[in-house]
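Visitor: Following is a predicted model, sequence given first.
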Amino acid sequence: MNLTSQEWKHYLKVYGILAVVFAIIVILVPNDPAEFGLLSVIPAAFLLIFIFYTKRVMESLLLGATLGYLMAYKGDFFGPVNDSLYGIMLNESIAWLFIVCGLMGSIIALIEKAGGAFAFGEWVSKRAKTRRSTLVWTWMLGVVIFMDDYLNCLTVGSSMSPLTDRHKVPRELLAYVVDSTAAPVCVLIPISTWAVFIGSLMEENEMAPAGEGLKYFIQTIPYNFYAWFAVIVVLLVAMGWFPIIGPMKKAIKRAEETGVLAPPGSEKIDMKAGELVPDHSNAKLASFFLPLIVLVVSTMLYDIDMQKGVITTLAFIFVYYIGTGILGPEEYMDQVIKGIKNMLFPMLLVVAAYFFAAASEEIGFIGYMISLGEQFITPATLPLVVFLTFGITEFIMGISWGMYVIALPIVIPLAMTIGANPFIAVGAVCSAGVWGSHICFYSDATILTSAATGCDNYRHAITQMPYGFVGMVFSAIAFFIVGQLGIGI
């Protein structure tokens, strides 16, 4: 489809202005990124402004990253950009993301094709007969699937969306319930991929003896304040005991008055967009539960290795579905490929987020944020400062676990040096990561939840944000109190 004359003029004007602004910024900033200081915030500020203006996250990330590299390398930016993209695609975290999320998409596509999700929806519908009870069931399922936030949001979102659709629940509300029972639950349960990862970082930074990372992680759980508040507040919202606030009101009004459940643009990220609803009247509930049980058990048996668990589950589904005549070998392979294709756009969004994060590192953004926080650090203020500083950093960067890799080597020795409680400090870092990810437009949690629930990721983030700030305020108060009480000092 060709652009109209008016559209062409609009785009020419917008991107022409951007080109001029970028050129002025590049000319005015110092040649050495070490001298940027406050100027390192420019790409982040541009990113947020452009997202709110265009409501398009992918383009905003790519332009923000380009601006960062232009500031760092001037006219020689193309080589570093190429090297950065190459390095990102070779990054172990990205490789893990593509394997695990791509194959999780395959598992979900297979369960959908076998009618497992339909059978589960029918089973829950007999127990959840109202919108409120449906949302509470969504919350409970999110709490039960605590092994990994990717597994949580992809499974719960895709399986519950047909049921919540029957009760005219807007996809924004479903996405909020799913997202707030994914990472928050995982960071509160010691048998999860989050616990293993953070525990290993505690060992690497000599806070925990070798092999005792999980034991020490458990001691941080009482201080993961944001996770506790997020899980509690979303339950109150689901039960109708907490008011609907912010843009979520418009989403609910739209769903009730027009029957339109998904916000505009959701088809781009919806992993089930355009699919016809087949006849699954003879589907068995085992087609849903058995693969998930194998996934959880095998992941645990492999020492919480999600990748091995996903591959094992695909092998089980092959034997089970084909052996019982649910699917043929060709249908099985078609669904595996289809599931990977469904996850492609969400995974590319995560790559774009890593690209922007790499550009921000080049111009010293993280260092600048840390230096700002250090000005206010005392044993009493450490928990609150750590929570706010790294929460804002995660909101801007959207790098999830990458933030923990950056923050914990700084926070753990700092807490020990000044006499603050290191368990509270680590709890503050954990809370910061979950909060920043929750209110971020392009974090992996936001993107994958949006894909699973069929909700535009911008609308998901903007409707969830007010609840994220409610949890942030409660958490900030809690961190301030434990800091002032001097617990463990």
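Guide: Alright, I've got the coordinates.

Visitor: May I see the buried residues of stretch 398-410?
Guide: By neighbour count, with 16 or more other CB atoms under 10 Å as the criterion, the buried positions of stretch 398-410 are Gly398, Ile399, Ser400, Trp401, Gly402, Met403, Tyr404, Ile406, Ala407, Leu408, Ile410. Yep, even glycine has a C-beta here, placed from its N, CA and C like the rest.

Visitor: Name the nearest residue to the fourth one, ignoring sequence neighbours.
Guide: Spatially, and ignoring its direct neighbours in sequence, Trp401 is nearest to Phe197 (6.1 Å; CB to CB, 6 or more residues apart in numbering).

Visitor: which among the buried residues of stretch 398-410 gets closest to Arg127?
Guide: Looking at those and their distance to Arg127, the nearest is Ser400, at 33.8 Å (CB to CB).

Visitor: Look at Ile489 and report its pLDDT.
Guide: Here, the pLDDT recorded for Ile489 equals 44.

Visitor: could you give me the average pLDDT of stretch 112-123?
Guide: 82.

Visitor: CA atoms of the host helix or strand of Ala432 as PDB?
Guide: Secondary-structure element containing Ala432, defined by DSSP states H and E: helix 422-438. The C-alpha atoms that make up helix 422-438 are tabulated as PDB, following Å, rounded to 0.1, in the frame of the first residue of the first chain:
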ATOM      1  CA  PRO A 422      23.500  -7.100  52.800                       C
ATOM      2  CA  PHE A 423      20.400  -9.200  52.700                       C
ATOM      3  CA  ILE A 424      18.200  -6.100  52.700                       C
ATOM      4  CA  ALA A 425      20.500  -4.600  50.100                       C
ATOM      5  CA  VAL A 426      20.100  -7.600  47.800                       C
ATOM      6  CA  GLY A 427      16.300  -7.600  48.400                       C
ATOM      7  CA  ALA A 428      16.300  -4.000  47.300                       C
ATOM      8  CA  VAL A 429      18.100  -4.900  44.100                       C
ATOM      9  CA  CYS A 430      15.700  -7.800  43.400                       C
ATOM     10  CA  SER A 431      12.700  -5.400  44.000                       C
ATOM     11  CA  ALA A 432      14.300  -2.800  41.700                       C
ATOM     12  CA  GLY A 433      14.600  -5.300  38.900                       C
ATOM     13  CA  VAL A 434      11.000  -6.400  39.100                       C
ATOM     14  CA  TRP A 435       9.600  -2.900  39.500                       C
ATOM     15  CA  GLY A 436      11.600  -1.400  36.700                       C
ATOM     16  CA  SER A 437      10.700  -4.300  34.400                       C
ATOM     17  CA  HIS A 438       7.000  -3.900  35.300                       C
END
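
Visitor: from the chain's centre, how far out does the helix or strand just after that helix sit?
Guide: In the C-terminal direction, the helix or strand that comes right after helix 422-438 (DSSP H and E) is helix 444-453. Here the centre of helix 444-453 is set off from its chain's centre by 7 Å, with CA atoms, centre = their mean, to the nearest Å.

Visitor: mean confidence for helix 444-453?
Guide: Mean pLDDT, helix 444-453: 89.

Visitor: Equivalent analysis for stretch 202-218, please.
Guide: On average, stretch 202-218 scores 85.

Visitor: Sort out which residues of that stretch are buried, please.
Guide: Using 16+ other CB under 10 Å as the burial criterion, the residues of stretch 202-218 that qualify are Met202, Glu203, Asn205, Met207, Ala208, Gly213, Leu214, Tyr216, Phe217.

Visitor: ok, and what's touching that stretch?
Guide: Contacts with stretch 202-218, where a contact means CB atoms under 8 Å, 6 or more residues apart in numbering, come from 190, 195-196, 198-201, 408-409, 412-413, 416, 422-423, 426.

Visitor: and which of the residues you listed is nearest Ala380?
Guide: Closest to Ala380, out of all of the contacts of stretch 202-218 and judged by CB to CB, is Pro422, at 15.0 Å.

Visitor: wait, doesn't the closest one sit right on Leu408?
Guide: No: contact status for Pro422 versus Leu408: not in contact, 10.0 Å apart, counting by CB atoms under 8 Å.

Visitor: Give the residue spans of the chain that score low on pLDDT.
Guide: Within the chain, the stretches with pLDDT under 70 are 1, 273-281, 486-489.

Visitor: can you give me the strands in it?
Guide: With DSSP state E, there are no strands along the chain.

Visitor: related to what we said a few turns ago, and the buried residues of stretch 202-218, which two are the farthest apart?
Guide: By the measure CB to CB, Asn205 and Leu214 form the most distant pair in the buried residues of stretch 202-218, at 15.1 Å.

Visitor: Dump the buried residues of stretch 398-410 into JSON lines; add distance to Lys250 as well.
Guide: As requested, those are arranged in JSON lines below (distance: CB to CB, whole Å):
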{"residue": "Gly398", "distance to Lys250": "25"}
{"residue": "Ile399", "distance to Lys250": "31"}
{"residue": "Ser400", "distance to Lys250": "29"}
{"residue": "Trp401", "distance to Lys250": "33"}
{"residue": "Gly402", "distance to Lys250": "34"}
{"residue": "Met403", "distance to Lys250": "31"}
{"residue": "Tyr404", "distance to Lys250": "35"}
{"residue": "Ile406", "distance to Lys250": "37"}
{"residue": "Ala407", "distance to Lys250": "36"}
{"residue": "Leu408", "distance to Lys250": "39"}
{"residue": "Ile410", "distance to Lys250": "41"}
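
Visitor: I'd like to know which of those residues is nearest to Asp32.
Guide: Each of those was scored against Asp32 by CB to CB, and Ile406 proved nearest at 21.9 Å.

Visitor: residues contacting that closest one?
Guide: With contacts defined as CB under 8 Å, 6+ apart, Ile406 is in contact with Ile366.
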